[in-house]
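> Sequence and computational prediction follow.
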Amino acid sequence: MEQQNNSFNNLENLMKSNLKALTLIDLQLKNCTLSNEQVTQLNTSLVQCEQLESLNINLNKEFITDDEISKLFAQYSQLNDLVETNNMNNDQIYDQILYFRNTLGISVGYRLVKIKDQGNILLEETMSNLTNLNSLQLNLDGNFIEDQGAVWICTALCRCKALTNLNLQIWNNLMSDRGISSIAEGISSCAKLTTLTLNLGASLFGKEGTFSISTALGSCNMLTHLDINLSNNQIGEVGASAIFIAIGSCKLLMKLKLEFWMINIFIYIHMIFYNKSSNQVGDGGAYSFGTALSFCKDNKMGDDGAKIIGQGLSYCTQLTNLDIGMDLNQIGNDGASAIGRAISNCKFLSNLQLQIYGNKIGDEGAQNIGLGLMNCTQLTKLKFTINLNQIGDVGAFTIGTALGNCKFLSDLYFDISENKIGDKGAHNIGLGLNNCTQLTNLKFGISKNQIGDDGASIIGTALGNCKFLTNLNFWIHENKIGDKGAQNIGLGLNNCTQLTNLKFDISSNQIGDDGASAIGTALGKCKFLTKLSFEIWKNKIDDKGAQSIGLGLSNCTQLTNLEFVILQNQIGDDGASAIGTALGNCKLLLDLYFDISENKIGGIGAQNIGLGLSNCTQLKKLMFKIGSNQIGDYGASTIGRALSNCKLLSDLYFDISQNKIGDKGAYNIGLDLSNCTQLTYLDFRIMKNQIRCDGAFNISTALGNCKFLTHLNFQIFENKIGDKGSQYIGIGLSNCTQLTNLELKIFSNQIGDNGASAIGTALGNCKLLTSLNIQIWQL
């Protein structure tokens, strides 16, 4: 029979459709609460759907917007690899962010919203009539249906005898053990289920409810795919053990995902094992896994728990996909060795994610992981993160040998940073990488070790064999690499001519002009780049090296996003001029982060940087740092003129502090900043210069033109603007009536009562402020 597939955004359209012909219904009513009349209309319509095979009703309550989530991820990029987003609504993602704020010290506010409860939506007689229904999805996240709501779900499920696919999204619904028992009873009646997705996170149940779920799983003996989320409840070690025992009885399972973050565990079995958890199951709860396998992130798991997990994994010899994470625990050599031995049995793997960073693994454990990995010769995708441990050359040597066996890899994420690896270990890792010639995507991290020129040279040679790369993240910062090592890395990078996305960080080493020149030459070969993050700060680069880097960058004319960080070197006007010329070729840039602070740049170098920047007329976001140089009024004026061309800017971070700038330079910066009228975010730092009231006048005029600003950080402290300059700034600030966040640092400027009063008067116009920090004191 040809299926009639219809998606509806309201009940009216459903009621008007050809109900008798429908086989699939997707009813999207997010953030709606159905009235009694609407419930009757829904059920009256469904009763007529005699051919219906698949029903999806989405009544999720979601209060966090896509834009809010995007802003959080942009602001805290370290969360991108930590937060699970697949099949999660925005509120669930936000809930995870709240958890990780505690782990990482990030401040994110809680959001509490009171909503009207959703009552019964599917009547018993309706479900009895849908005799052909084999797939049902109910999305009721955030509806606070409580135990009574669980009863009608149970009643509805008991009439769905033909179901093979059931998806219940009931996150954040305040159900106790009693309500969960009702849900479990309904699931138990669906004996033909092969696929079950059950999201019961953020409720109020404990071990008794978990026992009911485990009993229901025991009744579903035809399951091949199981995905359960029991996060943020009170199930404890005993409840977790019951679930693991039940999983062991599901003999037909091919794919299992079990999520217990903020209580405990995230698991995939037989096809995928995955976890982002944080609770206290520990070694004892791990014992009951049987043939199930868990990954307990940030759970204080030690060697005993890891060994039990390894034992469970050793039975799963037919795996093709394995994602196991045991990061941020207390696993030592014994536990790591058990995991390594288990992985050695997984000879059919094509996709492996092994995340075991942030433990206490030394050479012995790393060796056994490497020995296990050697057998995984069919891998095409590998994510291997073993950073933040205690691995030396011996362990790294074996891991490198294992890497060399993975000759079919197209996608590799390899991070062994923050260990104790020297040249010998790096040498063998390079030799292993040398065999991975089919790579198109590579993330390679070996930073914060003790690698010198010899180890870096072999790694560079390996890069040269990766000729098909289109995406490369390469971080080798904070080692002991000099010119020779950097030259060989550059020579290797020369061959990566197909790159469109490059993130390259070799900062905090001992690289001089020769090494920088080789890297610059390589950069010039990457003509297809659209995104580039290039960090070579805190080395020993002079004008010659900077000129070569500038020449290379000049060829990257397709860039839309550029992060260029070369601060804390010894670059003067000649090097800065070449870099400025390169900027002028990047005419397609939308987003630029440019930091050349703490060098030896004077007015001429700054002028050429400004001339280059003036060509970047499409910029929407600009972070520009040239602080702690010697650019003076001349250089500041040219940079200011460049700003006047950036008329599309919405976000600007501008740091020109500590540069011997006087009134003339400040005047021109202010004059040209006046053209940036679309700004909503401005961080402007011109402190520690020689600016008086005349310079402050034009800066204040520019501020007055930025009428759409919501966030302003303005730092002009340690100048000589006096009362008059402060009054000017107050006048400009009074036009910024949309501000919600303001930080104003104007201290050490010879300001008296009149100047302070002007600032206070201006604040009276900023009526939308929710965050305010003013520092106006005088040393």
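Yes, it's here. Residues are numbered from 1 along each chain as shown.

> neighbours of the closest residue to residue 199 other than its chain neighbours, just the number please.
Nearest residue to residue 199, sequence neighbours excluded (CB to CB, 6 or more residues apart in numbering): residue 229, at 4.3 Å. Quick note: C-beta positions are derived from backbone N, CA and C, even for glycine. Counted by other CB atoms under 10 Å, the residues lying close to residue 229 total 25.

> Quick one: residues contacting residue 229.
For residue 229, the contact set (CB atoms under 8 Å, 6 or more residues apart in numbering) comprises 171, 198-201, 259.

> Of those residues - the most surrounded one?
Most neighbours among those, by other CB under 10 Å: residue 200, with 28 neighbours.

> ok, that residue touching residue 176?
No: using CB atoms under 8 Å, residue 200 is not in contact with residue 176, being 11.5 Å away.

> so what's the residue nearest to residue 199 bridging to?
Beta-bridge pairing of residue 229 under DSSP bridges involves residue 199, residue 259.

> now it: how far from residue 174?
With the distance defined as CB to CB, to the nearest Å, residue 229 ends up 16 Å from residue 174.

> Where do the strands of the stretch 1-150 of the chain begin and end?
Assigned by DSSP state E, counting those that start in this stretch, the stretch 1-150 of the chain shows strands spanning 5-8, 24-28, 54-58, 135-139.

> Could you export the third one as PDB, CA atoms only?
Taking Å, rounded to 0.1, in the frame of the first residue of the first chain, the C-alpha atoms of strand 54-58 are listed here in PDB:
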ATOM      1  CA  SER A  54       2.600   5.500  12.400                       C
ATOM      2  CA  LEU A  55       1.600   8.300  14.800                       C
ATOM      3  CA  ASN A  56       3.800  11.100  16.100                       C
ATOM      4  CA  ILE A  57       2.300  13.700  18.500                       C
ATOM      5  CA  ASN A  58       4.600  16.500  19.600                       C
END
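
> how big is the angle separating it from strand 24-28?
Between strand 54-58 and strand 24-28, the angle comes out at 0 degrees (axes from the mean of the first three to the mean of the last three CA atoms, to 10 degrees).

> what packs against strand 54-58?
Contacts defined by 3 or more CB pairs under 8 Å, 6 or more residues apart in numbering; DSSP states H and E place strand 54-58 against strand 24-28, strand 135-139.

> Report the rounded mean pLDDT for it.
Strand 54-58 carries an average pLDDT of 89.

> ok, and what's touching that strand?
Residues outside strand 54-58 that contact it (CB under 8 Å, 6+ apart) are 23-30, 46, 121-122, 130, 133-139, 165, 167.

> Kindly recompute the last result at 7 Å.
23-30, 133, 135-139 (CB atoms under 7 Å, 6 or more residues apart in numbering).

> of those residues, buried ones?
Listed as buried from the contacts of strand 54-58 are 23-25, 27, 29, 133, 135-139; burial here means 16 or more other CB atoms under 10 Å.

> can I get those residues in TSV with distance to residue 748 and pLDDT?
Shown next, in TSV, are the buried ones among the contacts of strand 54-58 (distance: CB to CB, whole Å; pLDDT from 0 to 100):
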residue	distance to residue 748	pLDDT
23	75	91
24	70	93
25	68	91
27	64	90
29	59	84
133	74	90
135	69	93
136	68	92
137	63	91
138	63	89
139	58	86
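
> Turn those into a markdown table, columns for distance to residue 732.
Below are these laid out as a markdown table (distance: CB to CB, whole Å):
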| residue | distance to residue 732 |
| --- | --- |
| 23 | 65 |
| 24 | 60 |
| 25 | 58 |
| 27 | 53 |
| 29 | 49 |
| 133 | 66 |
| 135 | 62 |
| 136 | 61 |
| 137 | 56 |
| 138 | 56 |
| 139 | 50 |
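
> For residue 183, give me its contacts.
If you count contacts by CB under 7 Å, 6+ apart, residue 183 has them with 150, 153-154.

> again, 6 Å this time
Applying CB atoms under 6 Å, 6 or more residues apart in numbering to residue 183 gives the contacts residue 150.

> so which helix or strand takes in it?
helix 177-188 (DSSP states H and E).

> from the chain's centre, how far out does that helix sit?
A distance of 36 Å separates the centroid of the chain from that of helix 177-188, by CA atoms, centre = their mean, to the nearest Å.

> now it: mean pLDDT?
93.

> What of stretch 745-752?
93.

> Then stretch 580-597?
Confidence over stretch 580-597, taken as the mean pLDDT, stands at 98.

> What residues sit buried inside that stretch?
So for stretch 580-597, counting by 16+ other CB under 10 Å, buried means 580-586, 589, 591-597.

> can you check stretch 619-631 too?
Result for stretch 619-631 [16+ other CB under 10 Å]: buried residues 619, 621-631.

> of those, closest to residue 660?
residue 630 (6.1 Å; CB to CB).

> per-residue confidence for the closest one?
The predicted local confidence for residue 630 is 96.

> What sits closest to it if chain neighbours are left out?
In space, residue 630 comes closest to residue 602 once its chain neighbours are excluded; the distance is 5.0 Å by CB to CB, 6+ apart.

> How about residue 426, nearest residue that isn't a chain neighbour?
residue 455 (2.8 Å).

> Quick check: what element follows the helix or strand where residue 516 lies along the chain?
Assessed by DSSP H and E, residue 516 sits inside helix 513-525. Going down the chain from helix 513-525, the next helix or strand is strand 531-535, by DSSP H and E.

> chain center to that next one: distance?
Relative to the centre of its chain, strand 531-535 is centred 17 Å away, using CA atoms, centre = their mean.

> contacting residues around that strand?
Strand 531-535 has contacts (CB under 6 Å, 6+ apart) with 501-505, 507, 559, 561-565.

> that older thread, between the contacts of strand 54-58, which sits nearest residue 699?
Nearest to residue 699 out of those is residue 30 (CB to CB; 46.9 Å).

> who's in contact with the closest one?
Taking CB under 6 Å, 6+ apart, we find residue 30 in contact with 58, 60.

> Also residue 472?
Going by CB under 6 Å, 6+ apart, residue 472 touches 442, 499, 502.

> again with residue 638
607, 610.

> same check, this time on residue 467
residue 495.

> Residue 438 too?
residue 410.

> Could you do residue 522 as well?
Shown in contact with residue 522 (CB under 6 Å, 6+ apart): 490, 493-494.

> Residue 46 now?
By CB under 6 Å, 6+ apart, the residues touching residue 46 are residue 126.

> what do you get for residue 520?
548-549, 552 are the contacts of residue 520 under CB under 6 Å, 6+ apart.

> ok, now residue 146?
Here residue 146 is in contact with residue 174 (CB under 6 Å, 6+ apart).

> go with 7 Å
Contact partners of residue 146, counting by CB under 7 Å, 6+ apart, are 173-175, 179.

> what does residue 738 give?
Residue 738 touches 708-710, 768, counting by CB under 7 Å, 6+ apart.

> Residue 193: helix or strand, and which one exactly?
Per DSSP H and E, residue 193 falls between elements, in no helix or strand.

> contacting residues around it?
Taking CB under 7 Å, 6+ apart, we find residue 193 in contact with 163-164, 166, 220, 222-223.

> roughly how far apart are it and residue 219?
9 Å.

> how many neighbours does the residue nearest to residue 365 when sequence neighbours are not counted have?
Distances taken as CB to CB, 6+ apart place residue 336 nearest to residue 365, at 3.0 Å, with adjacent residues excluded. Residues near residue 336, counting by other CB under 10 Å, number 31.
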